[in-house]
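1. here's a sequence, model it:
(one chain, ligands or ions: 2)
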Amino acid sequence: MNEKNSDITILKIGGSVITDKSSNEGIVREKAIIRIAREISFFEGPLIIVHGAGSFGHPQAKRYSLAYKFSAEGSGVTHRSVASLNELFVNALAQRNVNAVGIHPMGCLVAKEGRISKSFLLAIQMMLEKGITPVLHGDVVMDTVKGSSVISGDQIVPYLASKLNAYRIGVGSAEDGVLDEHGHPIPLITPDNFEIASMHIGGSENTDVTGGMLGKVKEMLDMSRQTKVPSYIFNANAGGNVMSFLRGEMIGTAIKDKA
Ligand SMILES: Nc1ncnc2c1ncn2[C@@H]1O[C@H](COP(=O)(O)OP(=O)(O)OP(=O)(O)O)[C@@H](O)[C@H]1O
Ligand SMILES: [Mg+2]
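-> Numbering: from 1, shown residues only. Ligands and ions are numbered 1, 2, ... in the order given. Take a look at the predicted model:
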């Protein structure tokens, strides 16, 4: 499936941006979704969007202890909740004339002990070739060992980047990048400075069952080691940043395999 000289861009929009993540029930940030849909609408080229679950997924997964035990009810409740957020985002994109289509990982990915192990991506690849923008999300997926597992958008992004040979990856979250001990964004993280940088990287200030900022940085660093593709963790809460990333600007914290 890998294609040489791919021009695919992958953009993740964190659940901390498009939902009120401090809530125990799904609360959408409609203004943020509308603004981000507008910023995305100016982009031309093959784009995959992955959004986080925020309060539409993390509290539900925690309530049913999905990380520790299988629950058919909990899997269904959590999936349907995130899928409803996906529909809101897709509709906002469609309002801005983006040919967006919601793709649920639960229907095209399978995990083994919490890591994606199987996928059906041909439909996504064909959509990209034909000008359709797939919009995926953090989700519950079936798991060959655990029954089901919660797969973060932060795991889906590098998986797709590697399988589809993407060339640019942006991860929009709620801070100006990966912050150091003074609250300033670290410009560059590589395997060389990860250990020192990680002393100041935590989980999430809100409920996050998939590792918050530290989980994100580890996923992106592993990916850059394997694929050599850099990623940028930036603040998608600040107006204009999504557009800046999509225009090709360096923004936030760059994560690369070497300096
Ligand atoms: N060093 C750090 N720099 C930046 N953020 C940090 C750091 N340490 C911990 N965090 C926390 O990580 C959070 C971002 O991770 P989180 O998983 O909550 O967001 P998200 O990925 O946007 O949401 P979702 O998982 O729903 O998509 C920040 O809001 C902050 O609270
Ligand atoms: Mg997260």
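2. so how far is the one helix or strand Lys31 maps to off the chain centroid?
-> Using DSSP states H and E, Lys31 falls within helix 30-41. On the basis of Cα atoms, centre = their mean, to the nearest Å, helix 30-41 sits 16 Å off its chain's mean C-alpha point.
3. contact partners of that helix?
-> Helix 30-41 is contacted by residues 11, 13, 17-18, 47, 49, 88-89, 92-93, 95-98, 172, 236-237, 239-240, 242-243, 246 when judged by Cβ atoms under 8 Å, 6 or more residues apart in numbering. To be clear about C-beta, it is placed using only N, CA and C from the backbone, and glycine gets the same treatment.
4. restrict those to contacts with ligand 1.
-> Applying Cβ under 6 Å from any ligand atom, the subset of these adjacent to ligand 1 comprises Val17.
5. buried ones in the helix holding Lys31?
-> Buried residues in helix 30-41, counted by 16 or more other Cβ atoms under 10 Å: 32-33, 35-41.
6. helix or strand next in line after that helix, which one?
-> Next helix or strand after helix 30-41 toward the C-terminus (DSSP H and E): strand 47-51.
7. partner strands of that next one, parallel or antiparallel?
-> Using DSSP bridges, the strands paired with strand 47-51 are strand 9-13 (parallel), strand 133-137 (parallel).
8. mind checking pLDDT for the residue of the stretch 51-200 of the chain found nearest ligand 1?
-> Of all residues in the stretch 51-200 of the chain, Gly52 sits closest to ligand 1, at 1.6 Å by Cβ to the nearest ligand atom. pLDDT for Gly52: 97.
9. got phi/psi on it?
-> Dihedral angles of Gly52 (phi, psi; degrees, to the nearest 10) stand at phi -80, psi 170.
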